[in-house]
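A.B. asks: Structure for the following, please:
(chains A and B)
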Amino acid sequence: MSDTNRAELVLYNTLSRGKNAFQPIDPNRITMYVCGPTVYNRVHIGNARPVVVFDTLYRVLQSLYPTVIYARNITDIDDKIMATAAELGEDISTFSERYAQAYFEDMAALNNLEPTITPYATKHIPEMISMTSLLIAKGHAYESDGHVLFAVQSMENYGQLSGRSLDDMLAGARVEVAEYKRYAGDFVLWKPSSDEEPGWDSPWGRGRPGWHLECSVMAEKHLGKTIDIHAGGQDLIFPHHENEIAQSCCAHDGKPMANVWMHNGFINIDGEKMSKSLGNFRMVKDLLDHYPGEVLRFVILSAHYRSEQSFSAELLDSAWRSLDSLYGYLRSSKRALPIVNKSGVGYKALLDDLNTPMAVSELHRLAKQMHSAVGAEQQSLSSELLGLAELMGLLQRDPEDWFTLARGVGDISKQDIEMLIAKRQQAKGDKDYSGADQIRQSLLDQGVVLEDSRAGTQWRRS
RNA sequence: GGCGCGGUAGCAAAGUGGUAAUGCUGUGGACUGCAACUCCGCCAUCGUCGGUUCGAUUCCGACCCGCGCCUCCA
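C.D. replies: I've put the predicted structure just below:
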């Protein structure tokens, strides 16, 4: 019988359209695959949302199970990559590797842990060719005019994830049907490459893989035929994940590709989806020039991952102030070792389909309580606070650094600040308050706020 | 046209069949030489209209508004 007090992970599954208790295939080896980027550009903050969200899930899973294998791919062969590299006259692999590295940097700046495995599409061409052959052999794919296409009608329940029938999909289709397709909904597994285009030899001639194939192949190779969790952005539900399911499921005689499918909502700018095509995106890199990565992460975790999320400079500033408040409490108390309180409100909130907004509110509650507590109680609250924060990848920095590290090249130095504080102290001692205030104002003008207390004067950059 | 999501205070954002967490902002006060920090307090009846119910923001229905997907897209 189930113990109602026992912490249980509950996740929303796009496939079942509801929250279900998470049932691992093998509790000793949890497998999770998150769709990574196609590397042809710097990523925007919307691309960062799934990474932050599922990084948090990864941490939560690690708190529950001994081993979690987390794979996040790099798609480094794609028409957009080819086009952009060609424009720049750059070698495609040099080009894509550059953006893969940029992606790693951006994601690391947001405190994301590295996945266990980062598979590259171009390192799995032979496996993609064999899955394609297998699908042809099983009657789920056909060759046509140098292309290999997946025949969606050959699959019993194609469209299950996105909840639509083939008829519905084609009714509103806004794409012209390529001549080589037997059926409008069929999608490409393999396509021919011209001599100038990158390509690999295959039974169907020199060519390259279609978009969805790499994920099916890499998930199988590194995680298994059926994995625990497969995740990504909402826009991947159709066609990307639907087609991954079709490929994997048909290649594996009906075995499900993943038990749980999770999808995060979009980030909106002025009520509209942020996207590359709308041109209203905010690059992570550019934001990092103005805000600490932790602020970006905090904003993302302030909303529930399945909701749409607003994004603005005002929100970033507000998030920064919230973090200041949290770090402020941390700064004024002795730091304890992080310990996850598994019966705490925050942890339970995370187990409930990653209710990070509630966990964040618990962070504030714990910090406040810690601040007014003393001795052992304070230490225990500090542990719980830091433990919960660690699960979300937050509050990991030294509070002193958070407030005092220079933020830009022109910032006044720590030495100068402390020298001026000493001078002001002297003025105060001499009851020269206008002199003291002058110094304080001058520091404030340089972005430094002073906080007097009995113990002395503390400062922070604002 | 098909499928789906959402409308909660100035800005964000949770949540619940019994009159609504949390953060930022604003505001009153304490503390302070003055500030800052901190502390105490204040600021919403949950899109509209009906229905179910002893009672609905929470369930059901209609409507209005906004948004997303339908093979570029996290």
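
A.B. asks: helix or strand right after the host helix or strand of A:Lys285?
C.D. replies: Here A:Lys285, judged by DSSP states H and E, is contained in helix A:284-288. Sequence-wise, the next helix or strand downstream of helix A:284-288 (DSSP H and E) is helix A:293-301.

A.B. asks: mind checking the backbone torsions on the most centrally placed residue in chain A?
C.D. replies: Centroid-nearest residue in chain A, with CA atoms, centre = their mean: A:Val51, separated by 1.1 Å. As for A:Val51, its main-chain torsions (degrees, to the nearest 10) stand at phi -60, psi -50.

A.B. asks: Next, the contact list for it, please.
C.D. replies: A:34, A:72, A:107, A:110, A:112 (CB atoms under 8 Å, 6 or more residues apart in numbering). Any C-beta I mention is one placed from the backbone N, CA and C, and that applies to glycine too.

A.B. asks: pretty sure A:Met218 is in a helix, no?
C.D. replies: Yes: A:Met218 forms part of a helix when assessed by DSSP: H, G, I helix; E, B strand; the rest coil.

A.B. asks: And the nearest residue to it once chain neighbours are set aside, how close does it get to A:Ile30?
C.D. replies: Leaving aside its sequence neighbours, A:Met218 sits nearest to A:Pro119 (CB to CB, 6 or more residues apart in numbering; 4.2 Å). Applying CB to CB, to the nearest Å, the value for A:Pro119 to A:Ile30 is 18 Å.

A.B. asks: still on that earlier bit, for the helix holding A:Lys285, buried residues please.
C.D. replies: Using 16 or more other CB atoms under 10 Å as the test for burial, helix A:284-288 gives A:284, A:287-288.

A.B. asks: What is it packed up against?
C.D. replies: Here helix A:284-288 touches helix A:45-64, helix A:92-109, helix A:293-301, going by 3 or more CB pairs under 8 Å, 6 or more residues apart in numbering; DSSP states H and E.

A.B. asks: From the rest of the structure, what touches the second one?
C.D. replies: By CB under 8 Å, 6+ apart, the surrounding residues in contact with helix A:92-109 are A:36-37, A:39-43, A:48, A:51, A:74, A:76-77, A:81-82, A:84-85, A:88, A:114, A:120, A:122, A:198, A:284-285, A:288, A:293.

A.B. asks: rerun at 6 Å
C.D. replies: By CB atoms under 6 Å, 6 or more residues apart in numbering, the surrounding residues in contact with helix A:92-109 are A:37, A:39, A:42-43, A:51, A:74, A:76, A:81, A:85, A:198, A:284, A:288, A:293.

A.B. asks: now A:Leu405, nearest residue through space, not along the chain?
C.D. replies: Nearest in space to A:Leu405, with sequence neighbours left out and distances taken as CB to CB, 6+ apart, is A:Arg461 at 7.7 Å.

A.B. asks: which residues touch that neighbour?
C.D. replies: A:407, A:447-448.

A.B. asks: Where do the helices of the stretch 201-350 of chain A begin and end?
C.D. replies: Along the stretch 201-350 of chain A, the segments classed as helices by DSSP state H, counting those that start in this stretch run A:213-222, A:242-251, A:284-288, A:293-301, A:313-331, A:345-351.

A.B. asks: circling back to that earlier point, which member of the contacts of A:Val51 is positioned nearest A:Ala303?
C.D. replies: Each of the contacts of A:Val51 was scored against A:Ala303 by CB to CB, and A:Leu110 proved nearest at 15.3 Å.

A.B. asks: Neighbours of that closest one, how many?
C.D. replies: 23 (other CB atoms under 10 Å).

A.B. asks: Check A:Ser310 too.
C.D. replies: 15.

A.B. asks: swap in A:Thr56?
C.D. replies: A:Thr56 has 24 nearby residues by other CB under 10 Å.

A.B. asks: Excluding chain neighbours, what is closest to it?
C.D. replies: A:Met392 (5.5 Å).

A.B. asks: do A:Ser332 as well
C.D. replies: Nearest to A:Ser332 is A:His371, by CB to CB, 6+ apart, at 6.8 Å.

A.B. asks: Quick check: the gap between that neighbour and A:Leu337.
C.D. replies: On the measure of CB to CB, A:His371 and A:Leu337 end up 18 Å apart.
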